[in-house]
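>>> build the 3D model from these lines:
(2 chains)
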Amino acid sequence: MKPITPKPSPRRFHQASWDEPVIFELSQPGQRGVLLPPVETGIEQEVGNPAQVLPDTLRRTVPPALPEMSQIHVMRHYARISQENLGVDLNIDIGQGTCTMKYSPKINDQLARTPKLTELHPLQDDSTVQGILEVMHRLEGMLTEISGMDRFSLQPGAGSAAIYANICMIRAYHASRGESKQRDEVITTIFSHPSNAAAAKVAGYKVITLYPDADGYPDFEALKAAVSERTAALLITNPEDTGIFNPRIEEFVKIVHANGGLCSYDQANANGILGITRAREAGFDVCQFNLHKTFSTPHGSGGPGAGASGVTEKLIPFLPVPTTEFDGQKYYLDYNHPQSIGKVRPFYGVTPNILRAYAWIMSLGADGLREVAEIAVLNNNYLMKKVLEIRGASAPYAKGKRRIEQVRYSWEQLTQETGVHSEEIEIRVTDFGMHYWTSHHPFVVPEPMTLEPTESYSRADLDEYVTMLKQISAEAYTNPEIIKTAPHNSTVHHTHHEPFDNPDEWAVTWRAYRRKTGQKKV
Amino acid sequence: MEHKRLGLIVNPIAGIGGRVGLKGSDGLGIQQRARTLGAVPLAGERAASALELLLPLSANIELLVPPNEMGETVARRCGYDPQVILTSGLLNKTLTPFPSPSGKGEGGEETTPEDTRRAAQAMREAGVDLILFAGGDGTARDIYTAIGNNFPVLGIPAGVKIHSAVYTITPRNAGELAAEFLQGKRVCLQEAEVLDLDEDAYRQGQIVTRLYGYLKIPYRREVVQNQKVPTPASAAVQAQAIATDVVEKMKPDIAYILGPGTTTRTVAERLGLPKTLVGVDIITHNELLAADVGERQILEMLERRPLGLIITPTGGQGFLFGRGNQQISPEVIRRVRDENILVICLASKIAALQGRPLLVDTGDPELDRLLAGYIQVVTGYHEKIFYRLMGGS
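From the prediction side, this is the model:
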């Protein structure tokens, strides 16, 4: 028998391409996935026609325009679509920097799928849901310990929603002191998540953005120029998306406090600082975690996200309602917070993710959390050393300094020498069954690439990713056409960004698509 | 250091159209109009700023210059004893004399692009180590036409339009870079773009930038000007957001000087007013008071009423004042109250600066110093940044 030929690196990937239509185009009038049995005579005699029993307001006069399909066609459609995808279970998913694409243990998904959780109704009496209330209460306690904050709300549906809850609480705080008119500005930084600026705008604030100084830190002198009696808050990420930890963060907080503003710590990038440093010690008044990043619940765009808003003592009155309380005997939901900002989401939060995050933290313990951060930082700095050995790659700012959990690299040199751009490499990467992300816009770092290897990936995984990047760099210098004409083995599309500004050129629903393409109204 | 030979070519009429609002100096008609509007040639002054920095090396530098205003005058004024080339070969015609900036009765020559080209060729044949030339985009084109892209040159910015990447940010930078190069500290040469606007199209409000070729320059990123970054189409939405913010901020009792640029044009569009794309207009909320004005008209308007200023930096260079908007002169800037100056800029243009500060080079170093510091820049609706502004010289 011949031995198996060793596999080359990078691997010879080829994506499935099913040329699959949109599901509405597959609809065949009259087809059904499930045929419901007729109502039994006894039941009909007892209650009449069930459809007639419903109140008028609940009854549709026109049936919904759903695709009409058999089960096998629905199954096949989605199975095919899933093969034209990548994700943390398929690829070495370290390329989606700032998103902390760690592996989420399947046991936690199994726990979240248990009927003991899925069959609960949010309007059940507290006495019948003591288990999940206890989980919520205990998770809140863990997050307060991890951050140093005094209380948390688990209600927000995502990280950005938690930032929004935080700015709403800050607004309520200033209003309670009669300063809401005066304080109409929020300060953030260009390397903080754009959600900070966006949430502040949605809450009605004017936004001031700080650009980096020569070392890549937010420009402290610009902060001094910007902060005033109009400042409501500083909303800042640390480490920022460059992976650089701002060592002067305490001074940033102090100068804002001195001007009467509050400070909100965006901890979306917390994976590298768990158990090492806390929002409280840096002086922050509020913070938020993205449970779907640091705490291993499914990521926002691929499953329901989940956020958690933490506050210090003086902001507790403004927390969303209800809070989860324990009176020594039983757990209960408490709506009695007259200064509360109200609800930021229906009910109590994304409960399956609250359970997943709780299970993940419990499986690791305090020492385990710190080890997560240490391995994430170690992986990142190993990766950085390897990437910086690749021709044309660099890590702008803070030369010679280590990064925390991610790095915003630059291909500027490669672009200058070969004419190949990062957005072209981004597409070429998919030919190897992998993925990477450039950066938020605008590209402050030229020709950017943001990688975050988290704690989940082995050294062999990181080496495979680097081998792939190295090959693409070599291609850029010897055969740039192969990059410029990519993808060759993948189904990813070239996206043109210009039409995004014009709503006539895009649609997010089938109904809108039909309307905007001049087809008859569905 | 080794003995070196340096060529210097001054395009004496470069930049003459800027202060009087003529958007360039190409063509004899424009140059004559500039003179009748009271323009003063400044290229010699700019060249002097660069030459002064080379004085410490003068013992080891042999300076080659064309006669009179094309180099000789400024070289002698700076204390050099230059070797004058082309003594009998200039094509210049004597026209109405320029008033000289120093008031000492110099000036008085008209030169043609052909003179620049012949001087550059003569210097290449004489085997100089580097040609310094003071001018604008048109001058860079002439140098390129004459000697192509395989000879070390460096531009001293003196023109109205500086789109070409062959110019340093300020004249002093050119002096520093030339000194380092001649001392062997900058052996690195790189090709840089020669870009120019079609001046006729430019005066009609269209920005048409053409790439004419490349010149080989000593290179250090922070000193040589970036090629201007065009505004991408998708930035139109950003510009509209900025315009909405600016219109909200405009005070009803103040008229505004509206600087050149596509971002400032959006403000006029928002108000339903016409805009001179590459010129300066004066507007109120509902009226175009004066279109395409020069410094003198702005000053006259200032005599009658208070004015505000809405201004955007130019392209990738990040010049707030001193490039392409010379109509907004030091005196104009001094007479507009700080709180009525609205600086606007697309975030993508700030990003393209890659951390370098915004610059001012008004020609008045004291004013440049006064303006320097952290300034507010509107980047969207209810969005602004505080960004560093530095004197360019």
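>>> now whatever residue of the stretch 101-250 of chain B ends up closest to chain A: closest residue in space, sequence neighbours ignored.
Closest approach of the stretch 101-250 of chain B to chain A (Cβ to the nearest Cβ) occurs at B:V237, with a separation of 4.7 Å. Every residue, glycine included, has its C-beta placed from N, CA and C. The spatially closest residue to B:V237, leaving aside those adjacent along the chain, is A:D501, at 4.7 Å (Cβ to Cβ, 6 or more residues apart in numbering or on different chains).
>>> equivalent analysis for B:A255, please.
Distances taken as Cβ to Cβ, 6+ apart place B:T284 nearest to B:A255, at 4.9 Å, with adjacent residues excluded.
>>> give me the pLDDT for the one you found.
We have a pLDDT of 94 for B:T284.
>>> wait, it sits on B:K251?
No. Taking Cβ atoms under 8 Å as the contact criterion, B:T284 and B:K251 are not neighbours in contact, 9.6 Å apart.
>>> quick check on those two: which one has the bigger neighbour count.
Higher neighbour count among B:T284 and B:K251: B:T284, with 18 against 13, using other Cβ atoms under 10 Å in any protein chain shown.
>>> need the contact list for the more buried one.
Residues counted as contacts of B:T284 (Cβ atoms under 8 Å, 6 or more residues apart in numbering or on different chains) are B:252, B:254-256.
>>> how far away is it from B:L42?
Between B:T284 and B:L42 the distance, using Cβ to Cβ, to the nearest Å, works out to 33 Å.
>>> same check on A:M75?
Distance, A:M75 to B:L42, by Cβ to Cβ: 77 Å.
>>> export stretch B:126-142 to PDB, keeping only CA atoms.
Backbone C-alpha positions of stretch B:126-142 (Å, rounded to 0.1, in the frame of the first residue of the first chain) are rendered in PDB as follows:
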ATOM      1  CA  ALA B 126      26.800  70.900 -17.600                       C
ATOM      2  CA  GLY B 127      26.500  67.800 -15.400                       C
ATOM      3  CA  VAL B 128      25.000  69.400 -12.200                       C
ATOM      4  CA  ASP B 129      24.200  67.000  -9.400                       C
ATOM      5  CA  LEU B 130      20.800  68.500  -8.800                       C
ATOM      6  CA  ILE B 131      18.500  71.100 -10.300                       C
ATOM      7  CA  LEU B 132      16.300  73.100  -7.900                       C
ATOM      8  CA  PHE B 133      13.500  74.900  -9.600                       C
ATOM      9  CA  ALA B 134      11.000  77.300  -8.200                       C
ATOM     10  CA  GLY B 135       7.600  77.400  -9.800                       C
ATOM     11  CA  GLY B 136       4.300  75.600 -10.100                       C
ATOM     12  CA  ASP B 137       2.800  72.700 -12.000                       C
ATOM     13  CA  GLY B 138       3.500  74.400 -15.300                       C
ATOM     14  CA  THR B 139       7.100  74.800 -14.500                       C
ATOM     15  CA  ALA B 140       7.400  71.100 -13.500                       C
ATOM     16  CA  ARG B 141       5.900  70.200 -16.900                       C
ATOM     17  CA  ASP B 142       8.600  72.300 -18.600                       C
END
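>>> relative to B:I254, how far out is the residue nearest to B:A255?
Taking Cβ to Cβ as the measure, B:T284 falls 8 Å from B:I254.
>>> number of nearby residues for the closest residue to chain B within the stretch 201-350 of chain A?
Per Cβ to the nearest Cβ, the residue of the stretch 201-350 of chain A with the smallest distance to chain B is A:A225, at 3.7 Å. With neighbours defined by other Cβ under 10 Å, the count for A:A225 comes to 18.
>>> quick one, what contacts it?
By Cβ under 8 Å, 6+ apart, the residues touching A:A225 are B:373-374, B:386.
>>> where does residue 145 fall, secondary structure wise?
All of this refers to chain A. Assessed by DSSP states H and E, A:E145 sits inside helix A:130-147.
>>> sorry, I should have been clearer: chain B.
Going by DSSP H and E, B:T145 is in helix B:137-147.
>>> that helix: what's the following helix or strand?
Using DSSP H and E, the helix or strand that directly follows helix B:137-147 along the chain is strand B:153-157.
>>> just checking, the residue of the stretch 201-350 of chain A closest to chain B is part of a helix?
Yes. Counting by DSSP: H, G, I helix; E, B strand; the rest coil, one finds A:A225 located in a helix.
>>> mind checking pLDDT for it?
A:A225 carries a pLDDT score of 96 in this model.
>>> what stretches of the stretch 201-350 of chain B score poorly on pLDDT?
Screening the stretch 201-350 of chain B residue by residue with the criterion pLDDT under 70, one finds the ranges B:201-211, B:220-235, B:277-278, B:314-316, B:324.
>>> redo that, cut-off 50
When residues are selected by pLDDT under 50, those of the stretch 201-350 of chain B lie in B:221-223, B:226-233.
>>> where along it do the helices fall?
Along the stretch 201-350 of chain B, the segments classed as helices by DSSP state H, counting those that start in this stretch run B:235-249, B:262-270, B:295-304, B:330-335, B:347-352.
>>> show me what counts as buried in the first one.
Buried residues in helix B:235-249, counting neighbours by 16 or more other Cβ atoms under 10 Å in any protein chain shown, are found at B:235-236, B:238-246.
>>> from the contact counts, what lies against it?
When contacts are defined as 3 or more Cβ pairs under 8 Å, 6 or more residues apart in numbering or on different chains; DSSP states H and E, helix B:235-249 packs onto helix B:262-270, strand B:341-344, helix B:347-352, strand B:373-380.
>>> same thing but 6 Å
Helix B:235-249 is packed against helix B:262-270, strand B:373-380, with contacts defined by 3 or more Cβ pairs under 6 Å, 6 or more residues apart in numbering or on different chains; DSSP states H and E.
>>> do the same with the second one
Contacts defined by 3+ Cβ pairs under 6 Å, 6+ apart place helix B:262-270 against helix B:235-249.
>>> give me the neighbour count for the nearest residue to A:F326 once chain neighbours are set aside.
Closest residue in space to A:F326, ignoring its immediate chain neighbours: A:H137 at 5.5 Å, by Cβ to Cβ, 6+ apart. In terms of burial, A:H137 registers 16 neighbours under the definition other Cβ under 10 Å.
>>> and A:H137, what does it touch?
Taking Cβ atoms under 6 Å, 6 or more residues apart in numbering or on different chains as the definition of contact, the neighbours of A:H137 are A:324, A:326, A:331.
>>> filter those down to the buried ones and express that as a ChimeraX selection.
Buried residues within the contacts of A:H137, as defined by 16+ other Cβ under 10 Å, are selected in ChimeraX through the command that follows:
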select /A:324,331
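>>> so what's the residue count around B:P66?
Here the number of neighbours of B:P66 (other Cβ under 10 Å) works out to 28.
>>> and the pLDDT at A:L66?
Predicted confidence (pLDDT) for A:L66: 93.
>>> mind listing the strands for the stretch 201-350 of chain A?
Taking DSSP state E, counting those that start in this stretch as the criterion, the stretch 201-350 of chain A contains strands spanning A:206-210, A:231-237, A:262-266, A:286-290, A:307-311, A:323-326, A:331-334.
>>> quick one on the thing from earlier: roughly how far apart are the residue of the stretch 201-350 of chain A closest to chain B and A:V321?
From A:A225 to A:V321 the distance is 39 Å (Cβ to Cβ).
>>> mind listing the strands for the stretch 401-522 of chain A?
Listed in chain order, the strands found in the stretch 401-522 of chain A under DSSP E, counting those that start in this stretch are A:407-410, A:448-451.
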